[in-house]
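Chemist: please work out how this folds:
(one chain, ligands or ions: 1)
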Amino acid sequence: MKIKNLVFRVFLLLFLLLSSTCGFAQPKIVRVLICKSNASLRLSSQGPVTIKAGNKILKREQRLEKIVLKRKGDSIKLGRGRYKTLDFISKGFPISVNNKAYRGNIKISVLHKQLFAVNYVDIEGYLKSVVPSEMPSSWPMEALKAQAVVARTYALYRRAGPNKEYDLCSGTNSQMYKGVCSERSSSNMAVYLTEKMCLYDNRKLVPTYFHSTCGGQTINADSVWRRALDSIEGVDCKFCKDSPHYKWKRSIGRRKLGKILSKKGYKIGKIKKIKIGKDKLYRIFIEDKYGKSQVLDANKFRILVGTEVVRSSNFRVKVGWFRVKFKGNGWGHCVGLCQWGARGMALKGHSYKQILQHYYPNLVMRRLF
Ligand SMILES: [Zn+2]
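Modeler: Numbers count the residues shown, from 1 in each chain. The predicted structure follows:
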């Protein structure tokens with residue numbers, strides 16, 4: 001009996017050691033910067049919360065009544081104490097920061113003379129807010145499932161090392177994350193039905209970019225960002241024609257455009273001509289009336305001029321007497337999953353696996369390692 005017990009214990013120890021070194025059986029936590037403040041943050045919870053400073057437990061509350069944390073120089077003031085960091089550990093109830101509730105735990109620290117609130121949240125809980133914040137929860141289930149896989153892969157790819165304070169922001173720079181209030185039953189189901197599924201290039205996670213509408217063709221990732229990311233290639237898309245952003249027309253004053261570019265360091269006089277490179281590199285050649293010229297990446301140009309004016313990297317342009325006129329297709333950087341295309345494919349009966357295969361033909365879906 002004793003030997004059996006010993007053997008069992010050795011096996012258990014081996015299992016625990018293996019699971020901790022291989023990473024399975026561990027929840028995948030992402031760290032999301034949810035807000036910053038110069039002066040103070042308000043926290044509360046309807047459930048039990050433990051407050052820690054480093055390894056020291058300061059308080060165990062059955063219910064966290066609204067507390068206000070204030071910044072004093074490089075430290076956080078709570079009651080009479082001053083702390084470098086404070087951890088708010090939940091037992092399953094959401095914690096509210098400035099009246100927005102979040103799953104998981106919250107870490108408060110002072111960085112660059114500001115209070116930073118970082119949400120430590122399990123990846124699946126994080127996605128329950130991201131999926132309906134990035135795609136309408138009323139869209140077909142297969143499109144929502146494709147979005148869940150793409151958002152999961154992107155977030156886990158972005159996990160930074162321990163030297164960084166957080167992995168992701170909560171806005172469009174990373175993925176939209178609005179907390180518990182944004183969760184919807186259909187998108188929760190999409191997250192659940194694709195649990196732990198990610199897209200890989202061999203055994204590596206990939207930054208699976210996505211965008212609203214490609215307007216007929218998605219773009220190679222390395223054409224947009226000039227970095228080696230050949231696993232995300234442009235593909236034809238016949239499925240996003242219902243999008244209100246499929247085609248667009250915009251214009252901007254000729255003088256105004258010149259001023260914007262000069263302000264951003266692209267010295268250029270009165271614009272005479274704008275040409276678009278014929279290769280698939282999406283470059284813009286701008287020439288002024290004195291013969292000076294500038295070359296810009298279309299995506300950079302789009303962001304400099306304003307994404308409300310130049311809505312995608314896929315456009316044609318004409319320099320008129322007073323105004324520069326753009327006609328284009330799609331909205332966004334047009335790399336990776338076309339969300340309106342995913343909706344169109346789902347409405348035609350395609351599964352989320354087929355959708356992902358279409359937009360990421362070089363990637364393979366499998367469960368998290
Ligand atoms: Zn499309």
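
Chemist: quick one, what contacts residue 50?
Modeler: Taking Cβ atoms under 8 Å, 6 or more residues apart in numbering, we find residue 50 in contact with 57, 59, 60, 61, 88, 89. Where C-beta positions appear, they are placed from N, C-alpha and C, glycine not excepted.

Chemist: dump those into CSV; add distance to residue 179, pLDDT and secondary structure as well.
Modeler: Output for those, formatted as CSV (distance: Cβ to Cβ, whole Å; pLDDT from 0 to 100; DSSP: H, G, I helix; E, B strand; the rest coil):
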residue, distance to residue 179, pLDDT, secondary structure
57, 26, 96, strand
59, 23, 93, strand
60, 24, 95, strand
61, 20, 93, strand
88, 14, 97, strand
89, 17, 97, strand
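
Chemist: most neighbours among these, please name it.
Modeler: residue 88 (26 neighbours; other Cβ atoms under 10 Å).

Chemist: please verify my assumption that that one contacts residue 47.
Modeler: No: counting by Cβ atoms under 8 Å, residue 88 stays clear of residue 47, with 11.3 Å between them.

Chemist: now do the SS call for the residue lying closest to residue 224 once chain neighbours are set aside.
Modeler: On the basis of Cβ to Cβ, 6 or more residues apart in numbering, the spatially nearest residue to residue 224 that is not a chain neighbour turns out to be residue 299, at 4.7 Å. Secondary structure for residue 299, judged by DSSP: H, G, I helix; E, B strand; the rest coil, is helix.

Chemist: ok, residue 299 - contacts?
Modeler: Remark: with contacts taken as Cβ under 8 Å, 6+ apart, residue 299 is in contact with 224, 225, 282, 313, 333.

Chemist: and the residue of the stretch 1-150 of the chain found nearest the ion, which helix or strand is it part of?
Modeler: Per Cβ to the ion, residue 143 is where the stretch 1-150 of the chain lies closest to the ion, at 12.1 Å. Secondary structure from DSSP states H and E places residue 143 in helix 141-157.

Chemist: neighbouring strands for the helix or strand following that helix, and are they parallel or not?
Modeler: Toward the C-terminus, helix 141-157 is succeeded by strand 168-169 as the next helix or strand (DSSP H and E). Strand 168-169 has its sheet partners listed here by DSSP bridges as strand 29-37 (parallel).

Chemist: contacting residues around residue 218?
Modeler: 234, 235, 237, 334, 335, 336, 338, 359.

Chemist: so the first one is in contact with residue 216, correct?
Modeler: No: with contact taken as Cβ under 8 Å, residue 234 and residue 216 are classed as non-touching, separated by 10.6 Å.

Chemist: can you list the residues of the chain near the ion?
Modeler: Residues of the chain lying close to the ion (Cβ under 5 Å from the ion) are 214, 237, 240, 338, 341.

Chemist: on that earlier part again, can you name the two of the contacts of residue 218 that are farthest apart?
Modeler: 237 and 335 (12.0 Å; Cβ to Cβ).

Chemist: the more surrounded of those two?
Modeler: residue 335 (27 against 24).

Chemist: which ones are touching that one?
Modeler: Residues in contact with residue 335, defined by Cβ under 8 Å, 6+ apart, are 209, 210, 211, 218, 219, 220, 221, 224, 232, 234.

Chemist: distance of the nearest residue to it once chain neighbours are set aside relative to residue 359?
Modeler: Once flanking residues are discounted, residue 335 sits nearest to residue 209: 4.3 Å by Cβ to Cβ, 6+ apart. Distance of residue 209 to residue 359, computed by Cβ to Cβ, to the nearest Å: 10 Å.

Chemist: any residues in contact with both of these two?
Modeler: Common neighbours of residue 209 and residue 359 (Cβ under 8 Å, 6+ apart) are 336, 337.

Chemist: more neighbours: which of these two?
Modeler: A count of neighbours by other Cβ under 10 Å puts residue 359 above the other of residue 209 and residue 359, at 28 against 21.

Chemist: can you tell me how far the closest residue to that one other than its chain neighbours sits from residue 80?
Modeler: Nearest residue to residue 359, sequence neighbours excluded (Cβ to Cβ, 6+ apart): residue 337, at 4.7 Å. Going from residue 337 to residue 80 by Cβ to Cβ gives 51 Å.

Chemist: these two - which one has more neighbours?
Modeler: Ranked by neighbour count (other Cβ under 10 Å), residue 337 and residue 80 place residue 337 first, with 28 against 5.

Chemist: wait, isn't that one in contact with residue 146?
Modeler: Yes: with contact defined as Cβ under 8 Å, residue 337 reaches residue 146; the gap is 6.5 Å.

Chemist: what bits of this protein have low per-residue confidence?
Modeler: By pLDDT under 70, the weakly predicted segments of the chain are 1-27, 226-228, 280, 369.

Chemist: show me where it has helices.
Modeler: Along the chain, the stretches classed as helices by DSSP state H are 2-22, 123-134, 141-157, 185-193, 221-225, 254-263, 298-305, 339-347, 352-359.

Chemist: which one of the ones you listed lies nearest to residue 32?
Modeler: Residue 32 lies closest to helix 123-134 among the helices of the chain, at 6.7 Å (Cβ to Cβ).

Chemist: packing partners for that closest one?
Modeler: strand 29-37, helix 141-157, helix 185-193 (3 or more Cβ pairs under 8 Å, 6 or more residues apart in numbering; DSSP states H and E).

Chemist: same question for stretch 90-101: list its buried residues.
Modeler: 90, 94, 95, 96, 97, 100 (16 or more other Cβ atoms under 10 Å).
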